[in-house]
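Peer 1: Please find the sequence and the predicted model below.
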Amino acid sequence: MTPVSAPAPSRPAAVALLGIAKKFGQFVALRDIDLTVAPGEFVCFLGPSGCGKTTLLRIIAGLERQNAGQVTMAGRDVSGLPPSLRNYGIVFQSYALFPNLTVARNVGYGLETRRRPRAEIDRRVDELLTLVGLSAHKAKYPAQLSGGEQQRIALARALAPSPALLLLDEPLSALDARVRQSLRHEIRALQRRLGVTTIMVTHDQEEALAMADRIVVMNHGVVEQVGTPMEVYTRPRSPFVARFVGQMNFLEAIAGDRAGWARLGTVEMRHGATEALVAGTRLTLAIRPEEILVGPAAEGRENRLVTRIRAVQFLGPFTRLSLTLPDGAPALECDVAATAFAALGAAEGSELALALRADALRVFPLAG
Amino acid sequence: MASALPSLPAALPDRTVRHRLGAEDLVRWALVALLAAILYLFVLYPLLQVIWRSLLANDGTFVGAANYRRYFGTPAIAQSIGNSLFVSIVSMAITVTLAFVYAYGLTRTRMPGRGVFRLVAMLPLFAPSLVQALAFIYVFGNNGIVTRTTGWNIGIYGAKGIVMAEVFYCFPHALLILVAALSATDARLYDAARTLGASPLRTFLTVTLPGVKFGLVSACFVVFTLVITDFGAPKAIGGKFSVMATEIYNQVSGQQNFTMGATVSVVLLIPAVLAFLVDRVVQRRRYALVTASSRPLAPAPRPAADWGAFAYCALVAGAIAGMYLAIVVYSLVMRWPYNFTPTLRHYRFDTVGGYAPLLNSVYVAALTALVGTVLTFVGAYVIEKCRTAWSGPLYLLAVLPVSIPGMVLGLAYIFTFNVAGSTLNVLYGTLAILIVSNVIHYFTVGFLTATTALRQMDAEFENVSASLGVPFYRTFWRVTVPMALPSIVAISMYFFLNAMVTLSAVVFLVAPGTELAAVAVLLMDDAGDAAQAAAMSVCIVAIGLAVRLGYWALMRGVDRHTQAWREPREAATEAVPR
């Protein structure tokens, strides 16, 4: 794979993985993972549960031992080092705050064994609590704090010894939606300010898109794609990525005689792929629901289709239409701004003309 | 375009990459090795000795299954198997039935006096099983008060007496389990049953009973195991009715026939191990009835049921209290049941040399509590948190002791620690061997309580510490132990109380100078000095109650000072009721 924002050659990668593989019994959880993370970068491991993303994070942390491969941090081979010698801070999904210690003691936990003077520890604890905006809660116990506050304490504790690397294992998934939104920004801002290299595991594509410099999309123990949020969203390299990050419609089609054309049922469609395909090859066309043009916007465009509205789902800012093609078969989902939908004057059962923008029509080999 | 799956490197090794060992790992492995050595030396090796000795003749020659053939071929001895099973099953059925109704009254009715009933029912936990038997003898025996005053002799000596004593002895054990089972319910189930128009009987049969079935099964196995392994009650009240535990004692102490003792021991191991295994298999299918959204059941007043339950509980609690009252009175009068002049002369304990046995008992119990708590808690920590290839086998060894009957353990220790020329002999005849045998005898419950407490803790604590460069033993001391303190206190109390009342394991191991109170009760009763036996029993119960009270006060202090961090709704973890 080619990392898009390749690390500057002068500084060694903050984390470099080379050929990491992991087995649990006979089950292969990770195969041949290569990845480099640049200093200061925020990388998200994104994938469905069981894809191996947490295992990969735990291998980097030294909490899980790989069957093959090498982990280097800042040019230092740490493959054989126990967790305590790797220099990272970690926040778990459960936060794992020590419930019997106060907030201040939790944050100072990693400093106390480093034989630093008490005053220095206190100063650093205050500094971090200020950083996460919780100085007022110093003397409280974790159970007296809200979930979001606990999360920030866990973050402060992980950052207290100034680690070179911050690992976040689904840090927001235990929180309710509103808190999650605000913490996303907060963690991202904090990470930018401190410039600490960060790897976060998540199964929430929205979270990954909103927070990461680069996203590593994983599935079945392999890396499907690495790229910026924009790249992963607009140019998914596989149907899996297309489906997992955002919504995507898939339409079965046949490659046409001319390059850049395919036949969908009886309609000739121009698509975005430039490489030549053998005419008659079966393939999949993909387009996101919000990229479909409907009503007046579709008039006079290429790739026009007339569909029928099967169901209308009002989702606030936009309305999701479930459409059937003229032959009755494969359904399309189409998102229309709520106001635009009102202007259409369409309802369930009515016909709807639309156009599939050629530049938005992606081509994948037929799945399966 | 989608990339094809990268092909796997030709052969992915089964072994994972090794991490460099640090000082911390040395500590970790040292603990694992120490635990393994202790469990091997004091559990597995002695047990193997018993099995091996059952295959030898008394002169040490190997005879294979000859001892077993003789055992099953001698009706007088073989009968003990059927007798044991008979009293165990009958006691189990009666105890669990009585305890279930009692527990139902405590948890599901609004009868008055529930707190008092709960306390009184716990009384038998504080006395050796032998004492329950003595109480029945004082009341219904040939010279019992009922027999003497009414002339009605119910013929207490034998199976009847054993069952009655065992029912009393096991009642609180069953009750604790059933109260826990009946308390863990969801009021919404009962609301649902009512809205669906189910009758009270139907609700009981379809909601209440299924909800407590695992508790019932557990109670049955616990009582069965307690009875079949008990020595004290059948020894005191069994008369000529021989059960396996008393048969081991007769063979070993009476006839010096150690190999036959070993043979009966191995046979006695079978039902105890089976009961344990079946219970574990059943409990594995247990599911959580109470979830975060459950609503506790608040029983509504039902005058008929409430007063019915009250009458029943008063009867049972009255019987228990009455039995204990009989012992107290017996110890304080000149000559029960003829001369009720008050006296303290029975408390001189002249037949067993004064208070030495009682002091020994307290000393042994205190050290058993200390050693047992440290060993079970650290052991559970090593097995749970220092995951190694040894964790599985060590766990098995740690839960094995619960299925070793006390008599068998005691005999095993004779075979292990009383061998001419062996260095292991240094323990024999000391108080240390009594402490060790108690620790091992009651190891499993302490261990499982500790394991439960540890499993409730976040599995990532150790990982967080490692990432912060804090060694695991520091986190153990600063976080794990303080968090588990209620469980630790409960475990130590469990060890103390059981060490005070146990008879079966130690009866083979006491030596001149290391007599224990419970053994003294047996000896004095054997010597015909029933009043002194009663007085000693009163002392044992009094010490147990005093310690329990002290623990209760201590726990309140512990809660206030170390558990301030707990959310109010989170209750301290209770020890496994055994």
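Peer 2: Cool, the structure landed.

Peer 1: residues contacting the one residue in chain B that gets nearest to chain A?
Peer 2: Using CB to the nearest CB, the single residue of chain B nearest to chain A is residue B:468, 3.0 Å away. C-beta coordinates here come from the backbone N, C-alpha and C atoms, glycine included. By CB atoms under 8 Å, 6 or more residues apart in numbering or on different chains, the contact list for residue B:468 reads A:89, A:109-110, A:113, A:157-158, A:160-161.

Peer 1: Mind doing that once more with 10 Å?
Peer 2: A:83-84, A:88-90, A:108-114, A:157-158, A:160-161, A:163, B:475 (CB atoms under 10 Å, 6 or more residues apart in numbering or on different chains).

Peer 1: Please check those residues and keep the buried ones.
Peer 2: Buried members of the contacts of residue B:468, counted by 16 or more other CB atoms under 10 Å in any protein chain shown: A:83-84, A:88-90, A:108-111, A:157-158, A:160-161, A:163, B:475.

Peer 1: Would you point out the most distant pair within those residues?
Peer 2: Spanning the widest gap among the buried ones among the contacts of residue B:468 are A:83 and A:108, at 19.5 Å by CB to CB.

Peer 1: In strands, which of the contacts of residue B:468 appear?
Peer 2: A:88-90 (DSSP state E).

Peer 1: now the residues you listed as JSON lines including pLDDT and distance to residue B:488?
Peer 2: Formatted as JSON lines, these follow (pLDDT from 0 to 100; distance: CB to CB, whole Å):
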{"residue": "A:88", "pLDDT": "96", "distance to residue B:488": "33"}
{"residue": "A:89", "pLDDT": "96", "distance to residue B:488": "31"}
{"residue": "A:90", "pLDDT": "96", "distance to residue B:488": "29"}
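
Peer 1: If we check chain B, which of these are in contact?
Peer 2: A:88-90 (CB under 10 Å from any CB of the partner chain).

Peer 1: Specify which member of the residues you listed is nearest to chain B.
Peer 2: Closest to chain B, out of all of these and judged by CB to the nearest CB, is residue A:90, at 4.6 Å.

Peer 1: In contact with that closest one, which residues are there?
Peer 2: Counted by CB under 10 Å, 6+ apart, residue A:90 has contacts A:57-58, A:60-61, A:63, A:83, A:96, A:154, A:157-158, A:163, A:165-169, A:171, A:199, B:460, B:463-464, B:466-468.

Peer 1: before we move on, the earlier item: mind checking which of the buried ones among the contacts of residue B:468 land in helices?
Peer 2: Using DSSP state H, the subset of these located in helices is A:108-111, A:157-158, B:475.

Peer 1: in the stretch 201-350 of chain B, which spans are strands?
Peer 2: B:333-335, B:339-342 (DSSP state E, counting those that start in this stretch).

Peer 1: Out of these, which is closest to residue B:357?
Peer 2: strand B:333-335 (22.6 Å).

Peer 1: where does the stretch 201-350 of chain A come near chain B, residue by residue?
Peer 2: Counting by CB under 10 Å from any CB, the stretch 201-350 of chain A sits next to chain B at A:219-225, A:236-242, A:273, A:275.

Peer 1: pLDDT-wise, what's the bottom of the residues you listed?
Peer 2: Comparing pLDDT over those, the lowest score belongs to residue A:275 (73).

Peer 1: Touching, it and residue A:259? I think so.
Peer 2: Yes: counting by CB atoms under 10 Å, residue A:275 does reach residue A:259; the two are 7.8 Å apart.

Peer 1: Quick check: residue B:455 vs residue B:385, distance?
Peer 2: Distance check for residue B:455 against residue B:385: by CB to CB, to the nearest Å, it reads 10 Å.

Peer 1: Looking at the two, which is more packed in?
Peer 2: residue B:385 (19 against 11; other CB atoms under 10 Å in any protein chain shown).

Peer 1: so the more buried one touches residue B:466, yeah?
Peer 2: No: counting by CB under 10 Å, residue B:385 does not reach residue B:466; the two are 11.5 Å apart.

Peer 1: Find residues that contact each of those two.
Peer 2: B:472, B:475.

Peer 1: could you point out where the stretch 101-250 of chain B is predicted with low confidence?
Peer 2: Within the stretch 101-250 of chain B, not a single segment meets pLDDT under 70.

Peer 1: Within its local environment, how many residues does residue B:376 see?
Peer 2: 27.

Peer 1: cool, and residue A:174?
Peer 2: 16.

Peer 1: Spit out the contact partners of it.
Peer 2: By CB under 10 Å, 6+ apart, the neighbours of residue A:174 are A:92-95, A:147-148, A:150-151, A:180.

Peer 1: Assign it to helix, strand or coil.
Peer 2: coil (DSSP: H, G, I helix; E, B strand; the rest coil).

Peer 1: same question, residue A:223
Peer 2: Strictly by three-state DSSP, residue A:223 counts as strand.

Peer 1: Tell me how far the residue of the stretch 201-350 of chain A at minimum distance from chain B lies from residue B:313.
Peer 2: Here the stretch 201-350 of chain A gets closest to chain B at one residue, residue A:238, 3.6 Å apart by CB to the nearest CB. Residue A:238 sits at a distance of 69 Å from residue B:313 (criterion: CB to CB).

Peer 1: okay, the two: which has more neighbours?
Peer 2: Taking neighbours as other CB under 10 Å, residue A:238 and residue B:313 compare with residue B:313 leading, 26 against 18.

Peer 1: Surely the more buried one and residue B:107 touch.
Peer 2: No: contact criterion CB under 10 Å: residue B:313 and residue B:107 do not qualify, at 11.6 Å.

Peer 1: Pull up the overlap in contacts between those two.
Peer 2: By CB under 10 Å, 6+ apart, the residues touching both residue B:313 and residue B:107 are B:114, B:118.
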